[in-house]
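Novice: sequence and predicted structure are below.
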Amino acid sequence: MLRALIKKEFSQIFRNPSIIRMMLAAPIIQLIVIPLAADFEVKNINIAVLDWDHSTYSEKIVNRMGASGYFVIKEVAHSPEEAQAALDHGTVDLVVEIPARFERELVREDEAKIFLRADAVNGVKAGLAMNYSGQIISQVNQEIRQDFVQFPRFSPVPTMDISTRFWYNPDFNYRHYMAPGILALLLVMVGSMMCALNIVREREIGTMEQMNVTPVKSYQFLLAKLIPFWIIGLVSLTIGLTVCYLVFGLYPLGSYLTIYLFAMVFLIASLGIGQIVASFSENQQQATLFSFFFMMMFVLLSGLYTSIESMPDWARYLALANPVSHFVDVMRSVMLKGSNFYDLQHRFWALVGFAVLFNAIAVLNYRKRAG
Amino acid sequence: MKKIIETQGLTRTFGAFTAVDAISFDVYEGEIFGFLGANGAGKTTAMKMLSGLLAPSGGSATVVGFDVKTQSEDIKKQIGYMSQRFSLYEDLTVLENIHLFGSIYGLKKAELAQKAELLLEQLEFTDQRNTLVGDLPLGWKQKLSFSVAMLHEPRLVFLDEPTGGVDPITRRQFWEMIYAAAHKGATVFVTTHYMDEAEYCDRVSIMVDGKIAALDTPHNLKRQFNAPDMNDVFLQLAATSVARAGF
Amino acid sequence: MNTFLAFVIKEFRHVLRDRRSLIVVIGMPIVMLLLYGFALSNEVKNSRIAILDTSRDDVTRTLTERLDASRYFTVVQHIDRPEEADALFRQGKVRAVVVFQPSFQQTLLHTNAASVQILADASDTNTGNTVAFYISNVVRAYQNELLDQQKLPYRINVETQMAYNPQLKSAFNFVPGVMVLILILLCSMLTAVAIVKEKEMGTMELILVSPVRPWMMIVAKALPFLVVGLLNVAVILLMAYTILGLPLRGSLFLLIAECGLFVLLALSLGLFISTRTNSQQVALFISLVGLMLPSLVFSGFMFPLENMPKPLQVVSNIVPTKYFFSILKSVMIKGLGFSYVWKETLIMATMTLVLMLLAIRSFKIRLQ
């Protein structure tokens, strides 16, 4: 009986062109667009320079900022009003003002000022802009000092020589970073949204009633819905991985087996959520809204978009209870760091737990008989 | 004669509204039982309770020997059902629908294939076997739906307004199919609006405001109400409806 | 006029009766605001790091304490050998490992140069760089303290000012984004679906045959969503003002007018979508994937526009939300006037007009 039900699902799915289109198009579009778009790095900060001094030192500072790679000198302002307008219009993110007699004051009175004004609507960006500028100015400061003061070969001051080595993505390839997360997102969509919509559609049309009056048991009905979408999910994943390789040159450092193992369990959990959503929805519109809502919440709290560590405690607990956050981490770890099953086994059991829990709720919730 | 449906004070409420008000009646095996009533009188609700789709709020009922409250899944194995909203899968072919519901009711492959062929022949659908059900005209869909409901030869079949919107010739053919099924020993429990169809039934019950206002053979009812046809019987009873009084 | 009113009332009833949809539609922006306001941030905070310190002297211990005390980091482990770092990274236990060279303090005192190496997990590109940067800042700050014992000549002092948002509240960035999202969701997607549903159910023909003119039906369908949408915006603004401390600078009138324009734009989009399909499923699908996703991605709300590759930036020019988002930021947060946003306003108005014309034409053709 189960086989007949599954056969029916597949026949229906393949006759529906929009589902096939989604299955193929979704991974491709998302994987190409989002990693390309998602670049949070603070770079190319546009600055406006208001240099009243036009001295060697002021120009040195300005040139150093422009050459640093962090900043782009978008505008050279000739009045405070111009600078402010640039900031207001959003043309620049930072205004660097060097007052008149800057050089003279620095040399004669040992102290001079520079004014920085940042567009702080994006607080993080402003903070980093200030930080980078501060560093550059301080470096130039030190060089200026060395013009005047002879420093012995061994510096009289203790210096700590700081060096940084980046592991596992030394080129800081954002696409490589986002891609595994997007693959996870794909599976969430297939599971929660597509499956939920499919079930609710049957309810809307009335064929679900016909099913309810037959001897088909709840778990059989739900299982017959789960299996085809599970397979579709894995196919989407495969397409996704292929696209990753062809478009970004990204292939997993770890083993494919690990990826698929985790994906299989995660899909089951995701489909369970979809089935629960379906049981609460009276029509397709509600099903779409609910799945969209849950997807949003899950994605925002998953570490895909912002890091979990920067969240307050209560949010971190929510993230723990979120299967997507576990899976996103697994995907990133396996693909970018080569983590293996043993490294991630606690996540595996968490996902298994979720899969069992959600599907159990779905089966218990599904009433063949109303009232 | 054996009773295949027995109800005692079967009731269903939705909040403050009583849709089915303590009805008690029996249906005998092998009869064609017409379940009539105006819209909103409670017919569909009653039928859903008997077929295990809706739980009763009160009273009791036994269908094919099983209790409706505690053994609804057992009931489902023995009955066929054809809903008002026509629920075969429109995006599956005729043959696929037959195979699907056949296997659901436990028919083995060989037997199922045989029955499928037979069914297709009877309905003259043999060259339509691969047509999507959604592409069939309404009358054909109804006939197919009924045949699929009868595929596993259930002892009792529920038909909810099976001939709605269908032309007179197809209606006639449909009733011939019903007769054939009854002849083979199946009990047919059918709700309908068409009063002329009421004449085809062995016994008829008429629901008004959630209660059974009349239950007898068409012949007796016409005599009782001094009416020339079932239509008139129905109108007389419907006029007594409290719910309609406000109209 | 009476027919129209009757229609409007019917549509309001439809929308209000679908309680579950309403819950999502009203609840989602509230939840998003709360999440963005209190849970999500692009900042680096509480990053887990490990220390490799074979020297264990005063200097290294002080530095370790400094790092642990900083709100940016938590020291979760001490390791003894560099090989252990790999396992820690693979298991996702730390974001960075700070390595002090052996005999750190001694080397520092005798040669005045000791090395601190930061191993950062760059697989998290969002924070990898920043984490390393902040670590080196802590080290540098400590070093400057040691330096400060001698006051240095020729000091350049930097005075900083954070404009528009002195307290660096992140609410400023996302509240406009949430507003945009909810308006698009309501006024485009749900409106489109409502109209298509009528077509699907077949009742559209009834309407076309009745004294109700087509435009009446469409306006009546859009009205409840418009009202709910604007109500939602009001709730969002109120919440932002009271709970998140977002100041509302700039002219309220201009803000409302721009919101109104955007709503019209969204409605036209919804209308346009509804003329393109007869199936609810497809309408939902187009709205979600064709509308929502680009609106989120290309508006500058989720990802900074200036970082995107040029072709994507070009694409963002045809996405209406980009303009509305920028207008909101200028008016609400920077408190600027119309002279700063007239260009975007014009673009939005043009888009609205074009979409409406296309939709009306499509509709008329179908009537033939």
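Specialist: Ah, there it is.
Novice: quick check: pLDDT value at B:Leu138.
Specialist: pLDDT, B:Leu138: 84.
Novice: contact partners for it?
Specialist: Residues near B:Leu138 by C-beta atoms under 8 Å, 6 or more residues apart in numbering or on different chains: B:165-166. Just so you know, the C-beta spots here come from the backbone N, C-alpha and C atoms, and that holds for glycine as well.
Novice: likewise for A:Glu204?
Specialist: By C-beta under 8 Å, 6+ apart, A:Glu204 lies in contact with A:283-284.
Novice: avg pLDDT for the helix or strand hosting it?
Specialist: Using DSSP states H and E, A:Glu204 sits within helix A:195-205. Per-region confidence: helix A:195-205 scores 88 on mean pLDDT.
Novice: give the other helices and strands that the helix or strand harbouring B:Arg223 contacts.
Specialist: B:Arg223 belongs to helix B:218-224 when assigned by DSSP H and E. On a contact count with 3 or more C-beta pairs under 8 Å, 6 or more residues apart in numbering or on different chains; DSSP states H and E, helix B:218-224 meets strand B:203-208, strand B:211-216, helix B:230-239.
Novice: show the pLDDT at the most far-flung residue of chain A relative to its centre.
Specialist: For chain A, the residue at maximal distance from the C-alpha centroid (C-alpha atoms, centre = their mean) is A:Arg108, at 51.4 Å. The confidence metric pLDDT takes the value 86 at A:Arg108.
Novice: kindly provide the distance from A:Leu186 to A:Leu344.
Specialist: 20 Å (C-beta to C-beta, to the nearest Å).
Novice: please report phi then psi for A:Ser255.
Specialist: For A:Ser255, the backbone dihedrals (degrees, to the nearest 10) come out as phi -90, psi 150.
Novice: that one: neighbouring residues, count only.
Specialist: Using other C-beta atoms under 10 Å in any protein chain shown, A:Ser255 is surrounded by 14 other residues.
Novice: most tightly packed of the helices and strands packed on helix B:218-224?
Specialist: Among the helices and strands packed on helix B:218-224, strand B:203-208 has the highest mean neighbour count (mean count of other C-beta atoms under 10 Å in any protein chain shown), at a mean of 24.
Novice: which residues are contacting that strand?
Specialist: Under the criterion C-beta under 8 Å, 6+ apart, residues B:23, B:25, B:31, B:33-38, B:41-43, B:46, B:198, B:212-218, B:221, B:230, B:233-234, B:237-238, B:240-241 lie in contact with strand B:203-208.
Novice: just to revisit the earlier point, report the buried residues of the helix holding B:Arg223.
Specialist: Using 16 or more other C-beta atoms under 10 Å in any protein chain shown as the test for burial, helix B:218-224 gives B:218, B:221-222.
Novice: any idea of the mean pLDDT for it?
Specialist: Average pLDDT, helix B:218-224: 92.
Novice: name the SS class of A:Val95, please.
Specialist: On the three-state scheme (DSSP: H, G, I helix; E, B strand; the rest coil), A:Val95 is labelled strand.
Novice: any idea how far it is from C:Ser330?
Specialist: 17 Å.
Novice: also A:Arg165?
Specialist: 42 Å.
Novice: so what's the residue of chain B found nearest chain C up against?
Specialist: Proximity of chain B to chain C (C-beta to the nearest C-beta) peaks at B:Asp91, 12.1 Å away. If a contact means C-beta under 8 Å, 6+ apart, then B:Asp91 has A:11-12, A:15-16, B:132-134 as its contacts.
Novice: please report phi then psi for it.
Specialist: Main-chain torsions, B:Asp91, degrees, to the nearest 10: phi -100, psi 20.
Novice: give me every residue in chain B lying close to chain A.
Specialist: Applying C-beta under 8 Å from any C-beta of the partner chain, one finds that chain B approaches chain A through B:12, B:48, B:51-55, B:57, B:72-73, B:76-77, B:79, B:81, B:83, B:85-92, B:96, B:99-106, B:132.
Novice: how about the longest helix anywhere in chain B: buried residues?
Specialist: For chain B, the helix with the greatest residue count under DSSP state H is helix B:168-183. Of all the residues in helix B:168-183, those buried under the rule 16+ other C-beta under 10 Å are B:170-171, B:173-175, B:177-178, B:181-182.
Novice: strands paired with the helix or strand just after it, and their directions?
Specialist: Going down the chain from helix B:168-183, the next helix or strand is strand B:187-191, by DSSP H and E. Strand pairing for strand B:187-191, determined by DSSP bridges: strand B:32-37 (parallel), strand B:156-160 (parallel).
Novice: mind listing the residues bridging to B:Ile79?
Specialist: B:Leu156.
Novice: which residues are in contact with it?
Specialist: By C-beta under 8 Å, 6+ apart, the contact list for B:Ile79 reads A:213, B:51, B:63-64, B:154-158.
Novice: now for those residues, which pair is the farthest apart?
Specialist: Distance extremes for these: the farthest pair is A:Val213 and B:Arg155 at 14.9 Å, using C-beta to C-beta.
Novice: neighbour count: these two, which is higher?
Specialist: Neighbours per residue, other C-beta under 10 Å: of A:Val213 and B:Arg155, the larger number sits with A:Val213, 25 against 16.
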